[in-house]
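> Attaching a predicted model along with its sequence, questions to come.
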Amino acid sequence: MRLTNLALTNFRNYVRLDLPLPAGPVLLHGANAQGKTTLLEAIYYLATSKSPHASSDRQLINWYANGPENLVTVGRLTAVVQPAGDVRPRQLEIRLIQEPGGRRNGPSFRREVLVNGVKVRLMDLLGNLNVVLFLPEDVALVSAPPSERRRYLDITLCQVDRRYCRTLSQYNKVLSQRNALLRALQERRGRPDELEPWNQKLVELGAIILLRRAALITELERRAGQIHFRDLTAGAESLRLLYRPRLQPNRNGRPSLLPPDALADPAGWLLESSATQVVEALQEVVRAIRPQELQRGVTLLGPHRDDLRFLVNGRDLGDYGSRGQQRTAVLALKLAEMGWMETQSGEQPVLLLDEVLAELDHNRRAYLLQCIGAAEQAILTATDPTMFTGSFLARATRLEVAGGQITVARPENNFAF
């Protein structure tokens, strides 16, 4: 799978861009704040419908296209994706359309999604373009709040598993409704038996999410552990990825609510359990903790409370790891994600790397360049192209980015897109 073309209209600092993209490594280089990272953000947004940097779609619109004189402002992102094999290219498009009126803190936007020119649901965009994104700030994934690690798991799974994405969407709606009811019951409005229908939906949907996450983490741990031990630390350090669901068997083998600070590994029971068994375990604990939930007015059990932890040589990297160790662990995770995604979808994802080489030592940099060279398409950014080897630069397509303009960085063929 690879991108053959990316077109942007009023996206960040790009007023208009139409950029053909070749296979193999593509190096975007230039000074800071010129638009290199924005290109990776646009590709990631087209793949996942989410931005790694913006909290609202309003932030994605070019500043000068967002003036009060424009009643309707449209930002547009379009990509042409060539799947593997003899398959017709797919055209993906997201339109950002300003709603009339707006809000007190600025205009609001709605999204329209098209695949091959046909309007589809936002969820139907997922899976048409698979990407693995590695940002310098991803090192914080190790020590970030659990919600960030859950977000990483959910985005990764949603790219290749639409059932998971639908289930997650339904679960979040049920969770919101159940929490609203718990708050009402906390204020003595309503009857506790009104929880039962929501309990059933919560545990059925939650079981699917738990099992799918556990399977993903087990496979990522296997792949990342090998890469980390063999290729990144020369056998000096072993990496483990621990899924920490709040639902765990107690000493008597009965399901119970795990304390928030306890380490747990699901492989001993989740991966050996059927969906029915997980549902029954969730039901038992939900019944047991109902007094606590009624007292606190919030749902205490479910995948929205789970966590993923990184351990190196048995120590939690979030508590004891150096920044170098954390960076190495996340690099191993991202490379493992590439292999996992290819196995799941039958196609290599597009690899997106933003200024990643700058903080790697020589050996890790050489290994990453080797992996990039084997990818069907990898798009990298750098302020200084001299950190790359001559052999890599000879294979790569070099594009210079300056002020939202892109030129091919070859004196004999220098033209603007």
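Received it, and whenever you're ready, just let me know what you need. Numbering: from 1, shown residues only.
> phi, psi of the residue nearest to residue 37 when sequence neighbours are not counted?
Counting by Cβ to Cβ, 6 or more residues apart in numbering, residue 37 lies nearest to residue 354, which is 5.3 Å off, once chain neighbours are set aside. All C-beta spots, glycine's among them, are computed from the backbone N, C-alpha and C. With angles defined as degrees, to the nearest 10, residue 354 sits at phi -110, psi 110.
> what do you get for residue 54?
Residue 54 adopts backbone torsions of phi -100, psi 140, taken as degrees, to the nearest 10.
> Same check on residue 10?
Backbone torsions of residue 10, given as degrees, to the nearest 10, read phi 50, psi 40.
> same check, this time on the one 5 residues further on
For residue 15, the backbone dihedrals (degrees, to the nearest 10) come out as phi -70, psi -40.
> do the same with the one 10 residues further on
Residue 25 has phi and psi values of phi -80, psi 140 when expressed as degrees, to the nearest 10.
> So what pairs up with it in the strands?
Judged by DSSP bridges, the bridge partners of residue 25 are residue 378.
> wait, what's in contact with it?
Residue 25 makes contacts with 372, 373, 375, 377, 378, 379, 380, 392, 395, 396, 397, as judged by Cβ atoms under 8 Å, 6 or more residues apart in numbering.
> and which of the residues you listed is nearest residue 136?
Ranking those by separation from residue 136, with Cβ to Cβ as the measure, puts residue 380 on top at 12.4 Å.
> Now do the SS call for that closest one.
Residue 380 falls in the strand class when you classify it by DSSP: H, G, I helix; E, B strand; the rest coil.
> So, low pLDDT: which residues of the stretch 251-400 of the chain?
Within the stretch 251-400 of the chain, the stretches with pLDDT under 70 are 251-253, 258-268.
> From the contacts of residue 25, list the buried ones, please.
Applying 16 or more other Cβ atoms under 10 Å to the contacts of residue 25, the neighbour count classes 372, 375, 377, 378, 379, 380, 392, 396, 397 as buried.
> I'd say residue 35 and residue 14 touch.
Yes. Using Cβ atoms under 8 Å, residue 35 is in contact with residue 14, at 6.3 Å.
> Find residues that contact each of these two.
Between them, residue 35 and residue 14 have residue 404 as joint contacts when contacts are counted by Cβ under 8 Å, 6+ apart.
> ranges for the strands of the stretch 201-350 of the chain?
In the stretch 201-350 of the chain, strands defined by DSSP state E, counting those that start in this stretch lie at 239-244, 247-249, 255-257, 307-312, 315-316, 350-354, listed in chain order.
> and the residue most central in space within the chain, helix, strand or coil?
Among the residues of the chain, the one closest to the centroid is residue 155, at 3.8 Å (Cα atoms, centre = their mean). Under the three-state scheme (three-state DSSP), the conformation of residue 155 reads as helix.
> Just the pLDDT at it, thanks.
According to the prediction, residue 155 has pLDDT 96.
> From residue 41, how far off is the closest residue to it other than its chain neighbours?
Spatially, and ignoring its direct neighbours in sequence, residue 155 is nearest to residue 48 (5.5 Å; Cβ to Cβ, 6+ apart). Summarising the geometry, the distance separating residue 48 from residue 41, computed by Cβ to Cβ, to the nearest Å, is 11 Å.
> Mind checking which of those two has more residues around it?
Neighbour tally, residue 48 and residue 41, criterion other Cβ atoms under 10 Å: the higher count belongs to residue 41, 24 against 20.
> what about the more buried one, which SS state?
Residue 41 carries the three-state label helix when classified by three-state DSSP.
> now it: how far from residue 379?
The spacing between residue 41 and residue 379, counted by Cβ to Cβ, is 11 Å.
> before we move on, the earlier item: take the contacts of residue 25 and write them to TSV, including distance to residue 79.
Supplementary listing: the contacts of residue 25 in TSV, determined by distance: Cβ to Cβ, whole Å:
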residue	distance to residue 79
372	20
373	23
375	17
377	12
378	16
379	12
380	18
392	25
395	23
396	20
397	17
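> Which two of those residues have the greatest separation?
Of all pairs drawn from the contacts of residue 25, the widest gap by Cβ to Cβ lies between 377 and 392 and measures 14.8 Å.
> So which residues of the stretch 201-350 of the chain form helices?
Remark: helices of the stretch 201-350 of the chain, listed N- to C-terminal, are 275-288, 290-296, 317-320, 323-345; assignment by DSSP state H, counting those that start in this stretch.
> so which of the ones you listed gets nearest residue 244?
Across those, the minimum distance to residue 244, taken as Cβ to Cβ, is reached by helix 317-320, at 11.3 Å.
> in the closest one, what's buried?
Neighbour-count burial for helix 317-320, with 16+ other Cβ under 10 Å as criterion, is recorded at 317, 318.
> Give me the helices and strands touching it, please.
In terms of contacts (3 or more Cβ pairs under 8 Å, 6 or more residues apart in numbering; DSSP states H and E), helix 317-320 is packed against strand 307-312, helix 323-345.
> Return the distance of that helix from the chain's centre.
Its chain's C-alpha centre lies 22 Å from the corresponding centre of helix 317-320 when counted by Cα atoms, centre = their mean, to the nearest Å.
> Show residues contacting it.
Outside of helix 317-320, the residues that reach it under the criterion Cβ under 8 Å, 6+ apart are 142, 143, 309, 310, 311, 325, 326, 329.
> how far away is the fourth one from residue 217?
As for residue 310, its distance to residue 217 is 11 Å (criterion: Cβ to Cβ).
> Between those two, point out the one with more neighbours.
Applying other Cβ under 10 Å to residue 310 and residue 217 shows that residue 310 carries more neighbours, namely 26 against 22.
> My read is that that one contacts residue 238, right?
No. Contact criterion Cβ under 8 Å: residue 310 and residue 238 do not qualify, at 11.5 Å.
> what about the residue lying farthest from the centre of the chain, which SS state?
If you look at how far each residue of the chain sits from its centre, by Cα atoms, centre = their mean, the farthest one is residue 188, at 39.8 Å. Three-state call for residue 188 (three-state DSSP): coil.
> That one and residue 43, how far apart?
51 Å.
> And residue 272, by the same measure?
39 Å.
> which of the two has more neighbours?
Shown here are residue 272 and residue 43; by other Cβ under 10 Å, residue 43 has more neighbours (21 against 9).
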